[in-house]
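[1] Quick one, fold the following:
(one chain, ligands or ions: 1)
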Amino acid sequence: MIKHRIVFAGCGGIAFRWLNHITKRDDCEILAIADKNLASAKEYCKKYDIKCNLYDNVKEAMEKENGNLLIDLTYVTAHCEIVTSALKAGYDVFGEKPMAVSVEQVNEMLKTVKETGKRYFVMQNRRSIDQVKKIKEVLRSGILGEPAYICGEIFVPADLNSIRNTFEYPQLQDNNIHSFDLARYLLDAKPLSVHYHSFRPKGSKYAGDSACDAVFEFDNDVTYSFRGYNGAEGCLTSWDNVWRIMCEKGSVTWDGEGDAVYEYSDKAGDIYNGIPYKRGIIKKPEVVRDQHDMALEDMFDALETGRTPSTDCTDNVYSIAMVLASVKSIKENRKVCIKVNENYPYLILE
Ligand SMILES: NC(=O)c1ccc[n+]([C@@H]2O[C@H](COP(=O)([O-])OP(=O)(O)OC[C@H]3O[C@@H](n4cnc5c(N)ncnc54)[C@H](O)[C@@H]3O)[C@@H](O)[C@H]2O)c1
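    Okay, here's the model as predicted:
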């Protein structure tokens, strides 16, 4: 039975992952596809054999169609206007990361969610990775003691085509939110502050700064050290980052691709008494499912059951806060503090 009457906005590089999932569900109908570049909308319609109306304006599509769910895969610069219009028009929204480009936009979006009572979930597909869920379970089990220090790095040769290449901080303002969100998710932590050093390495193909060395502080007394470069050549890391999480009695390491390994002792310092660490391996599953597929399953289930998914905008505000606080830290060359309130203004950077 059709429950989700969809207006699908934005037919760029990521749309296929969403359409692969949605077109296989029997509870979804795509009423319309909207892209300011109509040719892209037509191309996807043809590829997926979708019979629906086409628009070059998302607002017009929402007004003319009797939809109840907007999928927003447009540019990050357009998310605020599209998402708030959709919520006001009675649509729930599933949208791509990052939520927005400014604190004002984030506050406007959260305010509109509250006023309309509609739902807004933000895609953070890395949370669906099997290895990530299992590492989180090990951390929660307590055998390693309390987490104290988490390090993540990403060195990839990205070509974030379209406007994403042209941002002042191409890595930070586009894909770093995946890393920040994952660090937070693994630790069940909220960010308190960041000191972010950004730079443009020699030979970079980006006009803006696309490399960084950054330090975040979390509310559970954990420091997060992050570094990366979107223009790396050779010796690349996984797009899912390389991780090391140090706890009071042990550590976990994961290369973002294969098995994860953890080692621990019942008593700190056992290694000096010749007692080897206990060791555990988190095996990579034989079949790795698509991250968007799993994340969308969770979003649809949350929408149908009314539960709050981990990708709800009221949680995602903490991840976008890490991005926006980083931008402020670069511009003001100082540590920036993050405050998230229950009511408007939801996000404050100091
Ligand atoms: N979760 C992930 O792993 C992942 C991966 C890639 C991209 N993304 C995110 O998805 C979003 C889209 O990325 P992409 O790579 O598909 O971008 P893209 O540039 O390839 O495509 C964006 C599409 O949106 C359309 N568009 C933009 N603004 C519009 C507007 N106001 N009205 C109508 N159409 C509009 C463009 O014409 C284009 O076809 C971004 O927010 C990006 O960060 C997420």
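[2] just checking, Glu104 is part of a strand?
    No - read with DSSP: H, G, I helix; E, B strand; the rest coil, Glu104 is helix and lies in no strand.
[3] Which elements pack onto the strand or helix carrying Cys80?
    If you go by DSSP states H and E, Cys80 is part of helix 76-88. Contacts defined by 3 or more C-beta pairs under 8 Å, 6 or more residues apart in numbering; DSSP states H and E place helix 76-88 against helix 58-64, strand 69-72, strand 92-95, helix 103-116. C-betas here are computed from N, CA, C, even on glycine.
[4] So is the second one next to the ligand?
    No - with C-beta under 6 Å from any ligand atom as the measure, strand 69-72 is seen stopping short of the ligand, the closest distance being 8.2 Å.
[5] which residues touch that strand?
    4-10, 18, 22, 58, 62, 79, 82-83, 86, 91-96, 303 (C-beta atoms under 8 Å, 6 or more residues apart in numbering).
[6] From those, list the ones also adjacent to the ligand.
    Filtering these for proximity to the ligand by C-beta under 6 Å from any ligand atom leaves 9-10, 58, 96.
[7] Farthest-apart pair in those, please.
    Spanning the widest gap among these are Val58 and Glu96, at 13.6 Å by C-beta to C-beta.
[8] rewinding a little: mean neighbour count, the helices and strands packed on helix 76-88: which tops it?
    strand 69-72 (a mean of 26; mean count of other C-beta atoms under 10 Å).
[9] What strands line up against it, and which way round?
    strand 4-9 (parallel), strand 92-95 (parallel) (DSSP bridges).
[10] In a markdown table: the ones you listed, plus distance to Arg119 and mean pLDDT.
    Listed next are the strands paired with strand 69-72 as a markdown table, based on distance: least, C-beta to C-beta, whole Å; pLDDT from 0 to 100:
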| stretch | distance to Arg119 | mean pLDDT |
| --- | --- | --- |
| strand 4-9 | 12 | 98 |
| strand 92-95 | 4 | 98 |
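[11] what about the residue minimising distance to the centre of the chain, distance to Val132?
    When C-alpha atoms, centre = their mean is applied to the chain, the residue found nearest the centroid is Gln124 (3.4 Å). Using C-beta to C-beta, to the nearest Å, Gln124 is found at 11 Å from Val132.
[12] can you list residues touching both of the two?
    With C-beta under 8 Å, 6+ apart, Gln124 and Val132 have common neighbours 182, 185.
[13] Which residues does stretch 205-217 contact?
    Contacting residues not belonging to stretch 205-217 are listed as 158, 165-172, 176, 180, 183, 191-201, 204, 223-231, 322, 326, 329-330 [C-beta under 8 Å, 6+ apart].
[14] Can you flag the buried ones in those?
    Neighbour-count burial (16 or more other C-beta atoms under 10 Å) is assigned, among the contacts of stretch 205-217, to 158, 165, 167, 169-172, 176, 180, 183, 191-196, 198, 200, 204, 224, 226-231, 322, 326, 329-330.
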